[in-house]
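1. How does the following fold in three dimensions:
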Amino acid sequence: MILGEFISQLDRDWFACVEDRNLRYLTESGRVPQGFLPEQFWQFVAMAWQQSDPYDRKAFDWFQENRSAFQFKIPYPNRPSEIIMLHLDRHKVFTHKLFLVNIKILQNDYLGQQRSEESLPLTKWAFLSFEKDLARIAEIAKAEAWQSNYEPHLHLNQEFSFNRLKNYLQQTFRRLQEEDKIIAATYEGKPYRAFNTGLISYDDKEIFLIFDPNYPNQEQPWKLYGVCTPGNGIGNEILHQAFQDFTPRAQFISDYNQATLILDPNKPIDQQLPTISDDHFLDHLERWPPEVIERELRNDPQAFSLFDHLQSLDNTTGQIDRCWLEFKQYIMRTIDLKLRFKKSIESALRNSWEYIIQKPWLIAPQYNFGRHEVELLLPLRLHARLYVDLALVITASEGSYQYKGRTVLTREMAYNNARLLYPLSPDHWLRGTSQLNLT
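-> Next comes the predicted model:
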């Protein structure tokens with residue numbers, strides 16, 4: 001399924017919302033553009049939403065890394081020079097529903113532009129055989145853990161045997177698009193495209209992908225022609241003659257202070273702990289280790305029963321999304337439980353913070369596509385002193401040393417995000433064993 005392929009980090013609640021086109025929260029908003037009756041307007045929006053392709057950049061503008069917020073553009077009826085822009089976000093508690101942040105009326109110049117191939121995700125821009133081509137790239141690149149350590153069941157599926165590499169290429173391509181670094185050239189009268197993967201071969205050369213036009217009547221305008229390094233591989237002659245053996249790499253970090261933990265020397269360390277919003281630490285409870293959740297539920301039979309039922313469900317069905325929602329709502333309503341979970345993550349944060357300030361290299365940066373900024377990944381240990389369970393995403397408040405927690409990620413999600421910027425050492429807490437070395 002394209003939705004699952006393109007948004008590898010999409011949480012299950014939001015996945016269900018996008019698939020099911022759930023507009024129940026959106027339609028409750030009282031704000032509508034001038035000239036519309038509310039009921040007529042929301043019927044119009046609902047119809048446009050049902051019929052739209054969420055990956056058509058003419059209609060959608062995703063601006064959060066986990067695709068939890070976007071702008072939905074609709075032509076204004078009988079006013080072709082204007083569009084209605086709806087800023088939508090995921091509800092903090094009812095995460096399988098949408099809510100409306102804002103409505104704006106804009107000139108239709110942007111919507112009227114022809115859909116450009118430069119706005120397409122990699123899988124719709126070019127045809128690649130992920131079984132064969134990913135294996136070829138992994139073969140000539142320096143050895144890395146391109147298979148997940150945390151999801152061994154994926155190895156049984158050939159499509160996911162290089163799931164990390166696939167994610168890396170998709171996101172690198174996305175950044176190159178933003179920077180206009182997908183390079184076009186002509187060789188012997190035929191058009192080609194090329195981009196720098198950012199990977200290094202076993203003989204220390206940059207690895208490039210070369211594309212030529214796809215066959216007629218195909219979905220993607222391009223197909224992979226070859227994987228090469230300067231002087232080696234299929235397409236190396238084209239790389240040399242048409243691209244002069246080089247296309248630029250993606251750049252994610254412009255201010256390296258953003259990628260470094262900076263503390264205020266005039267304040268005690270314990271006063272600089274990142275702050276955590278009550279919403280965020282429960283918003284993705286499905287990412288927490290089951291044994292930690294069970295531990296916090298030990299004195300609440302009803303909550304334990306809800307969670308036990310969750311554990312018995314098939315993850316591929318929509319039923320589990322509704323059950324997670326019901327479970328989270330129960331936790332949010334039950335003050336004692338909510339405080340227990342909050343105390344658990346605050347304790348884990350304080351414990352990790354003590355070691356991070358002594359070993360700041362344990363921090364891993366990630367790039368937030370929505371905010372176009374670098375965030376930091378902090379290891380969290382929730383149920384064992386050495387075992388890293390989650391990564392806390394933190395970012396500094398503008399103009400200060402104070403950090404705040406944005407969300408939590410599974411280690412696999414965090415690895416994919418961190419690897420996009422640079423390779424991780426074999427003993428890094430995101431790549432090596434699940435233990436965090438405290439010595």
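2. buried set for the helix ranked longest in the chain?
-> Counting residues, the longest helix in the chain under DSSP state H turns out to be helix 335-356. Buried residues in helix 335-356, counted by 16 or more other C-beta atoms under 10 Å: 337-338, 340-341, 344-345, 348-349, 351-353, 355-356. Glycine gets a C-beta too; all of them are placed from N, C-alpha and C.
3. quick check, nearest of the residues you listed to Asp270?
-> Checking the buried residues of helix 335-356 against Asp270 with C-beta to C-beta, the nearest one is Trp353 at 7.9 Å.
4. For the nearest residue to the closest one once chain neighbours are set aside, give me its contacts.
-> Distances taken as C-beta to C-beta, 6 or more residues apart in numbering put Leu273 closest to Trp353, at 5.7 Å, once the chain neighbours are dropped. By C-beta atoms under 8 Å, 6 or more residues apart in numbering, the contact set of Leu273 is 349-350, 353.
5. Remind me what the strand or helix carrying Glu139 packs against, helices and strands.
-> Using DSSP states H and E, the element containing Glu139 is helix 132-140. Applying 3 or more C-beta pairs under 8 Å, 6 or more residues apart in numbering; DSSP states H and E, one finds that helix 132-140 contacts helix 163-178, strand 206-213, strand 222-229.
6. Quick check: mean pLDDT of the second one?
-> When you say that, I think you mean strand 206-213. Mean pLDDT, strand 206-213: 97.
7. Identify each buried residue in it, please.
-> Under the neighbour-count criterion of 16+ other C-beta under 10 Å, strand 206-213 has 206-212 buried.
8. Direction included, what does that strand pair up with?
-> The pairing partners recorded for strand 206-213 under DSSP bridges are strand 190-200 (antiparallel), strand 222-229 (antiparallel).
9. what's the first one in contact with?
-> It refers to strand 190-200. With C-beta under 8 Å, 6+ apart as the criterion, strand 190-200 contacts 126, 137, 141-142, 169, 172-173, 176, 181-186, 206-213, 222, 225, 238-239, 242-243, 246-250.
10. starting at the chain centroid, how far to it?
-> The chain centroid and the centroid of strand 190-200 are separated by 23 Å under C-alpha atoms, centre = their mean, to the nearest Å.
11. That strand to helix 132-140, inter-axis angle?
-> Strand 190-200 runs at 50 degrees relative to helix 132-140, counting by axes from the mean of the first three to the mean of the last three C-alpha atoms, to 10 degrees.
12. swap in the last one?
-> Going by the same axes, to 10 degrees, strand 222-229 is angled at 10 degrees with respect to helix 132-140.
13. any idea how far the residue nearest to Trp353 is from Tyr422?
-> 27 Å (C-beta to C-beta, to the nearest Å).
14. just to revisit the earlier point, want to throw the strands paired with strand 206-213 into a markdown table with mean neighbour count?
-> Formatted as a markdown table, these follow (neighbours: other C-beta atoms under 10 Å):
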| stretch | mean neighbour count |
| --- | --- |
| strand 190-200 | 20 |
| strand 222-229 | 21 |
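15. domains of the protein?
-> Using automatic domain parsing, the domain parsing of the chain gives 2-115, 121-243, 269-285+328-419.
16. could I get the ones you listed as a markdown table with distance to Asn299?
-> As requested, these are arranged in a markdown table below (distance: least, C-beta to C-beta, whole Å):
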| stretch | distance to Asn299 |
| --- | --- |
| domain 2-115 | 23 |
| domain 121-243 | 30 |
| domain 269-285+328-419 | 8 |
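17. Just want the angle from the strand or helix carrying Ile331 to helix 335-356.
-> Element membership for Ile331, per DSSP H and E: helix 319-333. Going by the same axes, to 10 degrees, helix 319-333 is angled at 90 degrees with respect to helix 335-356.
18. Distance from helix 319-333 to the middle of the chain?
-> On the basis of C-alpha atoms, centre = their mean, helix 319-333 sits 23 Å off its chain's mean C-alpha point.
19. Give me the helices and strands touching that helix, please.
-> helix 12-20, helix 278-283, helix 301-311, helix 335-356.
20. Redo these as JSON lines? Include distance to Leu199 and mean pLDDT.
-> Below are these laid out as JSON lines (distance: least, C-beta to C-beta, whole Å; pLDDT from 0 to 100):
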{"stretch": "helix 12-20", "distance to Leu199": "29", "mean pLDDT": "55"}
{"stretch": "helix 278-283", "distance to Leu199": "33", "mean pLDDT": "72"}
{"stretch": "helix 301-311", "distance to Leu199": "39", "mean pLDDT": "92"}
{"stretch": "helix 335-356", "distance to Leu199": "29", "mean pLDDT": "89"}
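21. Any chance of a markdown table for those, columns distance to Gln147?
-> Listed next are those as a markdown table, based on distance: least, C-beta to C-beta, whole Å:
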| stretch | distance to Gln147 |
| --- | --- |
| helix 12-20 | 23 |
| helix 278-283 | 29 |
| helix 301-311 | 26 |
| helix 335-356 | 27 |
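22. tally of neighbours for Ile253?
-> Number of residues near Ile253 (other C-beta atoms under 10 Å) recorded here: 15.
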